[in-house]
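1. Give me coordinates for this.
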Amino acid sequence: MLQPGEYIKDIFQMPVGTSVTARGWVKTKRDSKGISFIQLNDGSVFTDLQVVIDADVVPEETMQLVTTGSCISVEGDLVESPAKGQAVELKGKSVEVHGSADPATYPLQKKGASMEFLREIAHLRPRSNTFGAVFRLRHAASYAIHKFFQERGFIWVHTPVITASDAEGAGAMFGVTTLDLMNLPRTEDRGIDWTKDFFGKQAYLTVSGQLEGETFAEALSNIYTFGPTFRAENSNTPRHLAEFWMVEPEMAFCDLDDDRHLAEDFLKYIIAYVVDTRMDDLEFFNNRIDNTVLETLEHVANSDFEHITYTETIEILEKANRGWEFPVKWGVDLQSEHERYITEEVFKKPVVVTDYPKEIKAFYMRMNDDGKTVRAMDVLLPRIGEIIGGSQREERHDVLVEKIESMGLPLEAYWWYLELRKYGSVPHAGFGLGLERMIMYLTGMKNIRDVIPFPRTPGNAEF
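-> Residues are numbered from 1 along each chain as shown. So this is what the prediction gives:
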């Protein structure tokens, strides 16, 4: 096992003359005038370590096994490198081959490969420059999320993956069952008898940990959840996954204004942490994927977020008269083209839109006094549109009952959620951030399938 100080990222910080052992996977190997040049990487840093081995130093039969994709350890001394872009290289004295790779069949050769092809070899794509950078950055962003909330006294709560309630009221949920699908038990009216199933009722993969998170916020004050969530939507787009990771803070004694200010601080914190710790990877994305990445991140980090209501947003869009693909009128949900226009052309910075029509938002959002809108918010960023959705929650028992019934949802499924409004209810609020959307924003990657290790999409559950 690699120990602190033994990674290639650490080796780059050591002085010339240090004897080291470098371990990793061979990116490329080329032979020239009795010298072998090996690009080695262990995933700890974007830059490969160049290993130089003179002829006859290592047995020929060993060097024949050192091919692109093979895994090796090299012992040697750090020397000054004449090559451009690196201060040191490793003068190899001995090589151990841990695992060879057939150069005729290994799919990650030096030539470029399309993103579509790399999805087909998701078990190998982390070894590529692009995906090594994606997943190091994903790790850094995840750490920043925990760090942000831990520094503010939030408690991390592990909400269930299997649930009997639909947090969104949308019905797009994956069922969980142990019933024999070829011999389903039936009720008298020929419906499925769910009492015979494992949990004695219908169960699903969660679409959100929010409802369960609220129970803990009303006991521990400030909490957050961070884990996988699932949507059974047949959306085959570059922005949708069937399985993705969500972070959801929930705060007692909190209204919508507190909520949106926390969301702004949260986004700026993640960006600052990634910029501070993973600039090498960010520069790769800026140079090779989207040359606006660094400029955009700096702009968001240094901007005060604009705040406007949904009604004001609709008025701006109607006056724009842009021939929208999705026509604009009060009551319709905002689309990506509307969100980007507001952030990129009107205000030229992040925008928080609040107070949406109750008909297009979930049942748990607090009703405004006008009876038409709810205390909801969406945080919109230039280049991507919505990045965070949140709301102040409805803490009044009678109003919540009425909203659940008006949406045709079964009251009995939410009995425990309703009891929170009977026993020590408190104004509270929260929001959700999809991790993959955030990673797309940080990297400039254009397809959400390329910022999660093993994407789950309609018709695809490989690996």
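2. Give me the buried stretch members for stretch 273-292, please.
-> 273-275, 277-278, 281-282, 284-286, 289-290 (16 or more other Cβ atoms under 10 Å). To be clear about C-beta, it is placed using only N, CA and C from the backbone, and glycine gets the same treatment.
3. Please flag which of those residues sit within helices.
-> Under the assignment DSSP state H, the buried residues of stretch 273-292 contribute 273-275, 277, 281-282, 284-286 to helices.
4. residue boundaries of the helices in this structure?
-> Counting by DSSP H, the helices of the chain are 8-11, 60-63, 115-120, 129-151, 210-220, 256-277, 279-288, 293-301, 310-320, 336-340, 397-406, 415-419, 435-443.
5. out of those, which comes closest to Gln86?
-> helix 8-11 (11.3 Å; Cβ to Cβ).
6. what's the average pLDDT for that closest one?
-> When pLDDT is averaged over helix 8-11, the result is 97.
7. His139 - how many residues pack around it?
-> 12 (other Cβ atoms under 10 Å).
8. State the pLDDT value of it.
-> 98.
9. got the contact list for the residue lying closest to Thr28 once chain neighbours are set aside?
-> The shortest distance from Thr28 to any non-neighbouring residue, by Cβ to Cβ, 6 or more residues apart in numbering, is to Gln39 (4.7 Å). In this structure, Gln39 makes contact with 26-29, 48-51, judged by Cβ atoms under 8 Å, 6 or more residues apart in numbering.
10. before we move on, the earlier item: could I get the helices of the chain as CSV with distance to Ile384?
-> Formatted as CSV, the helices of the chain follow (distance: least, Cβ to Cβ, whole Å):
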stretch, distance to Ile384
helix 8-11, 30
helix 60-63, 47
helix 115-120, 18
helix 129-151, 15
helix 210-220, 22
helix 256-277, 12
helix 279-288, 14
helix 293-301, 9
helix 310-320, 17
helix 336-340, 8
helix 397-406, 30
helix 415-419, 32
helix 435-443, 5
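11. Out of these, which one sits most buried?
-> helix 435-443 (a mean of 24; mean count of other Cβ atoms under 10 Å).
12. for that one, packing partners?
-> Helix 435-443 is packed against helix 129-151, strand 243-252, helix 256-277, helix 279-288, helix 293-301, strand 385-392, with contacts defined by 3 or more Cβ pairs under 8 Å, 6 or more residues apart in numbering; DSSP states H and E.
13. Could you rerun that using 10 Å?
-> Using 3 or more Cβ pairs under 10 Å, 6 or more residues apart in numbering; DSSP states H and E, the elements in contact with helix 435-443 are helix 129-151, strand 222-230, strand 243-252, helix 256-277, helix 279-288, helix 293-301, strand 373-381, strand 385-392.
14. Quick one: residues contacting Val161.
-> Residues counted as contacts of Val161 (Cβ atoms under 10 Å, 6 or more residues apart in numbering) are 176, 204-206, 209, 227-230.
15. Out of these, which end up buried?
-> 176, 204-206, 209, 227, 229-230.
16. ok so, going back, against Thr130, how distant is the residue nearest to Thr28?
-> If you measure Gln39 against Thr130 using Cβ to Cβ, to the nearest Å, the figure is 15 Å.
17. What residues of stretch 243-255 count as buried?
-> 243-252, 254.
18. would you turn these into CSV with pLDDT and distance to Pro4?
-> Formatted as CSV, the buried residues of stretch 243-255 follow (pLDDT from 0 to 100; distance: Cβ to Cβ, whole Å):
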residue, pLDDT, distance to Pro4
Glu243, 97, 33
Phe244, 97, 32
Trp245, 98, 27
Met246, 98, 31
Val247, 98, 28
Glu248, 98, 33
Pro249, 98, 32
Glu250, 98, 36
Met251, 98, 36
Ala252, 98, 39
Cys254, 98, 39
